[in-house]
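sequence unknown, structure follows:
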């Protein structure tokens, strides 16, 4: 991959940010804990933290409300078990139940939707979010992280599950540390075991 100084600056800036003090969805009500009445919502799903960092930057920069998309039953902590579970969900066409919902989604004019690409597609839990929330008439602005496979079929999925939303061109950012780290460690272990 060619050296891209702008990309490196962005990743470096994002790496220093966290969401530790950002209010998320209330487990009891599923509605965002709002410090104001922003017409903008950032909804995101993140497994390894890359998408969470971007969500935090958007949230703080635009003073939005924030909602973390979570399955009722968490995905496994192990990367490969998660990959396998997501693959099974896709092949069976099952969508996991959400832990919470945005109860007042109708009040938002704009929804920034963040997610990683899993198996060249939108994670099943994000598809559940889209199926369970009416985004008709809203401006949908995706931000997508991936491990080298690009945005996959995400635009088709978004068009199918939020057909009446207006969509902006997504931010698509390669953030493949988890996959690359796993492959590097596995290769290293293979040399030791040989």
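Nice, thanks for sending it over. Everything numeric in this text was worked out from a predicted model, so none of it was measured.

Quick check: which ranges of the chain have low pLDDT?
For the chain, the stretches flagged by pLDDT under 70 are 1-36, 176-182, 192, 194.

Spatially central residue in this protein, please.
In the chain, the centroid-proximal residue (CA atoms, centre = their mean) is residue 115; its distance is 1.9 Å.

For that one, give its distance to residue 135.
Using CB to CB, to the nearest Å, one obtains 14 Å as the distance from residue 115 to residue 135. All C-beta atoms are positioned from the backbone trio N, CA, C, and that covers glycine.

Residue 117 too?
From residue 117 across to residue 135, the span is 20 Å (CB to CB).

right, and residue 62 touches residue 55 too?
No: look at residue 62 against residue 55 with CB atoms under 8 Å: they stay out of range, at 11.0 Å.

quick one, which of those two is more surrounded?
A side-by-side neighbour count of residue 62 and residue 55, using other CB atoms under 10 Å, places residue 55 first with 27 against 12.

circling back: beta partners of the residue nearest to the centre of the chain?
Counting by DSSP bridges, residue 115 is bridged to residue 144.

what ranges do the helices span in this structure?
Assigned by DSSP state H, the helices in the chain fall at 5-15, 50-62, 79-92, 124-132, 154-161, 177-193.

among those helices, which is nearest residue 148?
Closest to residue 148 of those is helix 177-193 (CB to CB; 7.4 Å).

what do residue 62 and residue 55 both touch?
Residues touching both residue 62 and residue 55 by CB atoms under 8 Å, 6 or more residues apart in numbering: residue 42.

what's around residue 101, how many residues?
17.

Same check on the one 5 residues further on?
As a burial measure, residue 106 scores 12 neighbours (other CB under 10 Å).
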